[in-house]
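Visitor: Pasting the sequence and the predicted model now:
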Amino acid sequence: MMRVKLLLSVSILFVLSTDIYAQRRAVKNEDSEESYKSFTSVGITTNTNSGILGGAVFRQSSALGSKLFGKNQYRYLAVELVNVKHPKELSTQDFVTGARLVYGKQNYLFALRPEYGRELTLFSRQDDEGISISGIVAAGPTLGIEKPYMVQYQNTDGRVTTEPFDPVKHTGGGSQTGIVGAGSFFQGFGQSKIVPGIHIKTAMSFELSAFRENVTGVEIGFLAEAFTRKVQIMAFAENRSFYTSGYLTLYFGSKKR
């Protein structure tokens, strides 16, 4: 009889201690996720319409008081500046001078994108372990910057001038005429034109940080963008006013309670 009472007492203590531990862990996990009110980060991005380095991003998520589908949701704000390339762009190099040139390129297209949306936490981290996964939907206006592509042109008198590429003046018989190389990237900004547009994106964000106050992660998504007119990037190819792309952003930042 004494053994039965002892076993019963031990069982009750075990159940109670397990329940208390579970409640404390749940509260701890809830605090660790919900006590962070904002996430601020900067990142570098690449996409299917750019080179290896497509641009830079600033992003911030702020916690909202309400939940969606029982999940924590955040107000998502971001600003990104990216370079949009034409699929027909091909850089060549002069074997004599070493100068590089994208033949037929008329303009660069830079897209400045302020974004507003929602971020929904799908899977939360357990303390400092694991990966936090969230879904993002955001949209906003696009400020397209159409900057002339500058080339170094040798005139008939032998002088070399730097000027925007002109498909009529700088070509003849389907090949470049008088061009000795590309101008400086920083030249021509004063002649840029603004092309307004809008964009929308959907993405998944994977937070990989190993320390609570730090944020390190990857955002992978899809973006669609439309401008009010065709952007003249290439002279001898079809240009578009609507673009789609897949993108990847690597970001770093911090959390605040």
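Guide: It's in.

Visitor: what about the strands in the stretch 101-250 of the chain?
Guide: For the stretch 101-250 of the chain, the strands defined by DSSP state E, counting those that start in this stretch occupy 107-123, 132-148, 150-154, 160-164, 171-172, 175-176, 179-182, 193-207, 214-227, 242-256.

Visitor: Among those strands, which comes closest to Leu64?
Guide: strand 107-123 (8.3 Å; CB to CB). Every residue, glycine included, has its C-beta placed from N, CA and C.

Visitor: How is this protein divided into domains?
Guide: Per the record, the chain has its domains at 1-35, 37-256, by automatic domain parsing.

Visitor: With mean pLDDT as added columns, please give the strands of the stretch 101-250 of the chain in a markdown table.
Guide: Converted to a markdown table, the strands of the stretch 101-250 of the chain look like this (pLDDT from 0 to 100):
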| stretch | mean pLDDT |
| --- | --- |
| strand 107-123 | 95 |
| strand 132-148 | 96 |
| strand 150-154 | 87 |
| strand 160-164 | 88 |
| strand 171-172 | 69 |
| strand 175-176 | 54 |
| strand 179-182 | 82 |
| strand 193-207 | 96 |
| strand 214-227 | 94 |
| strand 242-256 | 93 |
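
Visitor: mind putting those strands in a markdown table, distance to Thr92 and mean neighbour count included?
Guide: A markdown table is the format used below for the strands of the stretch 101-250 of the chain (distance: least, CB to CB, whole Å; neighbours: other CB atoms under 10 Å):
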| stretch | distance to Thr92 | mean neighbour count |
| --- | --- | --- |
| strand 107-123 | 17 | 19 |
| strand 132-148 | 19 | 19 |
| strand 150-154 | 13 | 20 |
| strand 160-164 | 18 | 14 |
| strand 171-172 | 14 | 14 |
| strand 175-176 | 9 | 12 |
| strand 179-182 | 10 | 18 |
| strand 193-207 | 26 | 17 |
| strand 214-227 | 28 | 18 |
| strand 242-256 | 25 | 17 |
